[in-house]
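Colleague: Any chance you could fold what I've pasted below:
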Amino acid sequence: MIERHVTFHVLPNRADEFTRFFEEEYRPALAETEGFLKAELLQDMERDRDYMMVLRFESIDAAASWRASSSHEELKPHLKSLYDGSGLKVLEVVVQE
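Modeller: Residues are numbered from 1 along each chain as shown. Sure, this is the predicted structure:
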């Protein structure tokens, strides 16, 4: 099992749109991906323009399938219009509840 932690520095005055986009478009598209398990959106308590998507997949191949999917490609332009910086960490889940 893996998690992708994707950080975003959201543009000023776009936080509500970013959150809405995640809830209404991004997460529902993810949910249709085979091997997808969970998606959460976190907001930094000290830097309110910084967010993290925590995406959990059964395997690295399932995550790669999402990244290569037509749904992901269609959503990318809107997502990219909402932030001016991002980062990624891919982690293997070694202990879980």
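
Colleague: Does the residue nearest the centre of the chain belong to a helix, a strand or coil?
Modeller: Relative to the mean C-alpha position of the chain, the nearest C-alpha, by CA atoms, centre = their mean, is the one of residue 53, at 3.9 Å. Three-state call for residue 53 (DSSP: H, G, I helix; E, B strand; the rest coil): strand.

Colleague: Can I get the longest helix anywhere in the chain in PDB, CA atoms only?
Modeller: Longest helix in the chain, counting residues (DSSP state H): helix 70-80. Extracted in PDB, the C-alpha atoms of helix 70-80 (Å, rounded to 0.1, in the frame of the first residue of the first chain):
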ATOM      1  CA  SER A  70      -7.900  10.400 -18.900                       C
ATOM      2  CA  SER A  71      -9.800  11.600 -15.800                       C
ATOM      3  CA  HIS A  72      -6.500  12.900 -14.300                       C
ATOM      4  CA  GLU A  73      -5.400  14.500 -17.500                       C
ATOM      5  CA  GLU A  74      -8.800  16.300 -17.800                       C
ATOM      6  CA  LEU A  75      -8.600  17.600 -14.300                       C
ATOM      7  CA  LYS A  76      -5.000  18.800 -14.400                       C
ATOM      8  CA  PRO A  77      -5.600  22.100 -16.200                       C
ATOM      9  CA  HIS A  78      -8.100  23.300 -13.600                       C
ATOM     10  CA  LEU A  79      -6.000  22.100 -10.700                       C
ATOM     11  CA  LYS A  80      -2.900  23.800 -12.000                       C
END
